[in-house]
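Visitor: how would this look folded up:
(chains A and B, ligands or ions: 1)
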Amino acid sequence: MAGGADRPAHPGRDFAPYRSSVLRHPKRPLVPMGGDPDAAELYGPVFGVTDVTELDADLTRQHQGEPLGERITVTGRVLDRAGRPVRHQLVEIWQANASGRYAHQRDQHPAPLDPHFTGVGRCLTDDQGRYLFTTVKPGAYPWRNHLNAWRPAHIHFSLFGTAFTQRLVTQMYFPGDPLFPYDPILQSVTDPAARERLVAAYDHELSRPEFSLGYRWDIVLDGPAATLSEAALPEAVVSHAALPGSGEDR
Amino acid sequence: MPRPTPSQTVGPFYGYALPFPGGGEVVPAGHPEALTVHGYVYDGGGAPVPDALVETWQAAPDGSLAGRPGSLRRDPVTGGFLGRNGLDFTGFARVATDADGHWTVRTLEPPSGRPYLAVCVFARGLSHHLFTRAYLGAPASSDALLSALPEERRTTLMARQESERVHRFDIRLQGEKETVFLDFTTSHTSDTSGLRHGSGR
Ligand SMILES: [Fe+2]
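Guide: Predicted coordinates for the structure are as follows:
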């Protein structure tokens, strides 16, 4: 494997600069489950058309008026570890408004609430594993982790794979944000290449004339599934690489 | 092979996005065969965690692991939540802990072959979710996970029966009686037989 490929993708749970982690992480090593083909976790919850409504994926149309802020679309694909699309699965997002304020009673940041923006979205991935949300770019916001602590603008994502083991909750960031080096949550991912995988790309092809700016962010779910046996992995990778037109999923 | 997208904490403000009405009611209240599984989430100081999110997944009573849609069944007229239809067993629950760190799931007993709820815990301060299992009732002696664990660790995975249909399962994120948490993701790089060799340290 190339250098760095084995560095952990996920943040350590004991990253002390993120203060709330101190009493909320296990100190004993996790018990490895790799060899158990009978685990219920190799399967997982499924969702369908009854679990979302049409307006869920457009966070700018959930109220009477238009929300304030820079209108954006965020799209990408959800893939498994073999690069295969995760089809028809639930993607959930939540975010602050353009001023950096959540529609949550406990967010007391003195930035204005927007009566036309809640900041919650859902959709199902399509046949290619694609998701798409229309929303506004969230603002940065302060928090009390340390003096003058600010979170870079981000959108929270929650994802399901075909297996419960692939469950992922994460955050998507925007390219070039000057707050990155100061944010212990992003920096809890210590591998710079892994951190980069949390940052969306601005994609001019995705911007819609006179309407919205486009961002692309692909998501790769970790963890095995019953359909993703370790022995089958290399073959799956090869067949994916050989797919004609694999670059067409714009 | 694509590299995985890193996890990030669920943070403090998921409460208006992820929980949904009836999230813990895998079967309707009053269902004659409903089991109640409940407990607290505690931090390393023994304090309840009031902003954790607990998800459970399980085999259906008939052994099926296929799951069914409809956990978040929606009303296309209002955009609100209709609740599950009461017929399809989705196998999935999601509950936020209350101000006292307590959570409750009402479900059906999992089959004897997989007599547990798979549990996934998220919380502010937790950078990467944690998996554990709540075993309900006596597991088979052949259960690979339980038989690999020393007694004092094994008990953290056993729900305690409080009455005929009520089971208590507390989750301790850290500390003396720390819950056993499970790793499904890293074993593929080095150890494909972790359970057989696992000392459960
Ligand atoms: Fe946030």
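
Visitor: Number of residues surrounding residue 79?
Guide: The chain I'm using is chain A. A:L79 has 22 neighbours, counted by other CB atoms under 10 Å in any protein chain shown. Every C-beta, even on glycine, is put in place using the N, C-alpha and C of the backbone.

Visitor: Switch to chain B, please.
Guide: Look at B:G79: counted by other CB under 10 Å, it has 12 neighbours.

Visitor: Give me the outermost residue of chain B relative to its centroid.
Guide: In chain B, the greatest distance from the average C-alpha position (CA atoms, centre = their mean) is reached by B:V77, at 32.0 Å.

Visitor: Go ahead and report the secondary structure state at that one.
Guide: coil (DSSP: H, G, I helix; E, B strand; the rest coil).

Visitor: so what's it scoring on pLDDT?
Guide: In this model, B:V77 is scored at 91, pLDDT.

Visitor: and if you look at A:L233?
Guide: Taking A:L233 on its own, its pLDDT is 47.

Visitor: Please look at B:R94 and B:E55 and confirm they touch.
Guide: Yes: using CB atoms under 8 Å, B:R94 makes contact with B:E55 at a distance of 4.8 Å.

Visitor: Wait, a helix at A:A194?
Guide: Yes: with three-state DSSP as the criterion, A:A194 is part of a helix.

Visitor: Return the residues in contact with it.
Guide: A:7-10, B:3, B:6 (CB atoms under 8 Å, 6 or more residues apart in numbering or on different chains).

Visitor: Okay, now the unreliable bits of the chain?
Guide: Picking chain A for this. For chain A, applying pLDDT under 70 flags the ranges A:1-6, A:35, A:228-250.

Visitor: ah, I was thinking of chain B
Guide: Using pLDDT under 70, the flagged stretches of chain B are B:186-201.

Visitor: same for the strand ranked longest in chain A, what does it pack against?
Guide: Using DSSP state E to define each element, chain A has its longest strand at strand A:71-79. Packing partners of strand A:71-79 (3 or more CB pairs under 8 Å, 6 or more residues apart in numbering or on different chains; DSSP states H and E): strand A:130-136, strand A:213-216, strand A:219-220.

Visitor: give me that answer again for 10 Å
Guide: In terms of contacts (3 or more CB pairs under 10 Å, 6 or more residues apart in numbering or on different chains; DSSP states H and E), strand A:71-79 is packed against strand A:90-95, strand A:130-136, strand A:154-159, strand A:168-173, strand A:213-216, strand A:219-220.

Visitor: Only the buried residues of the third one, if you could.
Guide: Of the residues in strand A:154-159, A:154-159 count as buried by neighbour count, 16 or more other CB atoms under 10 Å in any protein chain shown.

Visitor: Now do the helices in the chain.
Guide: This is for chain A. Ranges of helices in chain A, per DSSP state H, are A:184-187, A:192-196, A:233-241.

Visitor: other chain: chain B
Guide: B:144-147, B:151-154, B:187-190, B:194-197.

Visitor: Which residue lies closest in space to the residue most central in space within chain B, excluding its sequence neighbours?
Guide: Geometric centre of chain B, nearest residue: B:V119, 1.9 Å, by CA atoms, centre = their mean. Once flanking residues are discounted, B:V119 sits nearest to B:T132: 4.9 Å by CB to CB, 6 or more residues apart in numbering or on different chains.
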